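Novice: Structure for this input, please:
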Amino acid sequence: MASKNHYERILIPFDFSDTAKLALEYAAPMVQQLKVDVILLHIVETPSIASSFKNAFRSEEKKFHEHAEEELKKVAEQFSHKIGAKVQAVTEVGRIYKKICTVAKENNVGLILMGTHGASGVQEILIGSNALRVVKEAPCPVISVQSHGKSMGFKKILLPIDNSQTSRQKVPYMLELAVQSKAIVHILGLMTSSSEDFKKTFRVKIAQVEEYLANHDIAYESEFLRSDNLAKDIITHSEKIDADLIVMMTEQESTSLLLGESAGYLVNHSKIPVFSVRPAEVDPDKITVRF
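Specialist: Now for the predicted structure:
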């Protein structure tokens, strides 16, 4: 579970694209509110070429690496001056999603915030975006920002809760962000059955979430929705309430060995940032709201 000082350090992958620059804009108010340090990471991706040809590329790769380091330091200095916080510039060589996860683990990062271009069609089914891979393997929560994003800051947080055993584990991770942002949390109870017994038990779970938020002085609203397609209903509801952040478990409604279908769909298709949390490894028979 998240600790009170969980977000002492934030990692922001940066590839100099417009989406990466947008991620910095989202990060600015968060860093100032949470009073955290920042690691700005650029990765020079290793080309997939035969080893006999690698020597021919080493000289050019070195030039790319040195140029990237210089440019990244400039961005880091500008961002540090803007937010009034320490920003460390790090340049690495390797596979993008693997390096992001490695650097996060080695530096005890509490949160990764990264831009994503999403994925669709065959790419979405077979490969997915780098952001999707990071969400799956990162040692900490990940906020993914699509290029559609416009409003900075998180004032309306959509908190979908379903009947999966781990769904409520994400609530403590969201807490500090909600407190510092003075956000209203919109609890969306996603009911996958119409039986009265199911509804009764499920409402108890939602009541526990409401009580937890109230005990931490978080403003909230609750709504229930019968759903047969969690991901699409979550996106529709986020648009309905004009939310600016969706909080999800990475294995919510999971039928895939790679990533939960709902979470994967949201990372690739949501027009607002998605806050993804991996479930804790606990005995499923003993999972509670654990607040």
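
Novice: Output the below-cut-off pLDDT ranges for the stretch 151-291 of the chain.
Specialist: 151, 251-262, 281-291 (pLDDT under 70).

Novice: can you pull out the helices in it?
Specialist: Using DSSP state H, counting those that start in this stretch, the helices assigned to the stretch 151-291 of the chain run over residues 171-181, 196-215, 230-241, 261-269.

Novice: Using TSV, lay out those helices together with distance to residue 12 and mean neighbour count.
Specialist: Yep, even glycine has a C-beta here, placed from its N, CA and C like the rest. Output for the helices of the stretch 151-291 of the chain, formatted as TSV (distance: least, Cβ to Cβ, whole Å; neighbours: other Cβ atoms under 10 Å):
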stretch	distance to residue 12	mean neighbour count
helix 171-181	15	20
helix 196-215	28	14
helix 230-241	23	18
helix 261-269	17	24
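
Novice: To residue 221, which of these lies closest?
Specialist: helix 230-241 (8.4 Å; Cβ to Cβ).

Novice: now for that closest one, which elements pack on it?
Specialist: strand 156-161, strand 184-191, strand 219-226, strand 245-249, helix 261-269 (3 or more Cβ pairs under 8 Å, 6 or more residues apart in numbering; DSSP states H and E).

Novice: Centre of the chain to the longest one, how far?
Specialist: This means helix 261-269. Distance, stretch centre to chain centre, for helix 261-269: 11 Å (Cα atoms, centre = their mean, to the nearest Å).

Novice: who does it touch, helix- and strand-wise?
Specialist: Using 3+ Cβ pairs under 8 Å, 6+ apart, helix 261-269 sits against helix 130-137, helix 230-241, strand 245-249, strand 274-277.

Novice: can you check the second one too?
Specialist: If you count contacts as 3+ Cβ pairs under 8 Å, 6+ apart, strand 184-191 packs onto strand 156-161, helix 196-215, strand 219-226, helix 230-241.

Novice: same check, this time on the shortest one
Specialist: Other helices and strands packing on strand 245-249, by 3+ Cβ pairs under 8 Å, 6+ apart, are strand 156-161, helix 230-241, helix 261-269, strand 274-277.

Novice: State the distance from the closest residue to residue 98 other than its chain neighbours to residue 82.
Specialist: The shortest distance from residue 98 to any non-neighbouring residue, by Cβ to Cβ, 6 or more residues apart in numbering, is to residue 137 (7.8 Å). Look at residue 137 and residue 82: by Cβ to Cβ, to the nearest Å, they are 30 Å apart.

Novice: Specify the residue ranges that define each domain of this structure.
Specialist: 9-146, 156-286 (automatic domain parsing).

Novice: what's the closest non-adjacent residue to residue 34?
Specialist: Using Cβ to Cβ, 6+ apart and skipping the chain neighbours, the partner closest in space to residue 34 is residue 7 (5.0 Å).

Novice: rewinding a little: state the distance from the residue nearest to residue 98 to residue 111.
Specialist: Taking Cβ to Cβ, one finds residue 137 at 15 Å from residue 111.

Novice: Comparing residue 137 and residue 82, which residue is more hemmed in?
Specialist: residue 137 (18 against 14; other Cβ atoms under 10 Å).

Novice: residues touching the more buried one, list them.
Specialist: When contacts are counted by Cβ atoms under 8 Å, 6 or more residues apart in numbering, residue 137 touches 97, 98, 101.

Novice: swap in residue 12?
Specialist: 23, 24, 27, 38, 39, 40, 41, 112, 113, 114.

Novice: So which of these are in helices?
Specialist: By the criterion of DSSP state H, membership of the contacts of residue 12 in helices covers 23, 24, 27.

Novice: neighbours around the second one, how many?
Specialist: Think residue 24. 22.

Novice: Just the terminal-to-terminal distance for stretch 78-87.
Specialist: End-to-end span of stretch 78-87 (Cα to Cα, to the nearest Å): 9 Å.
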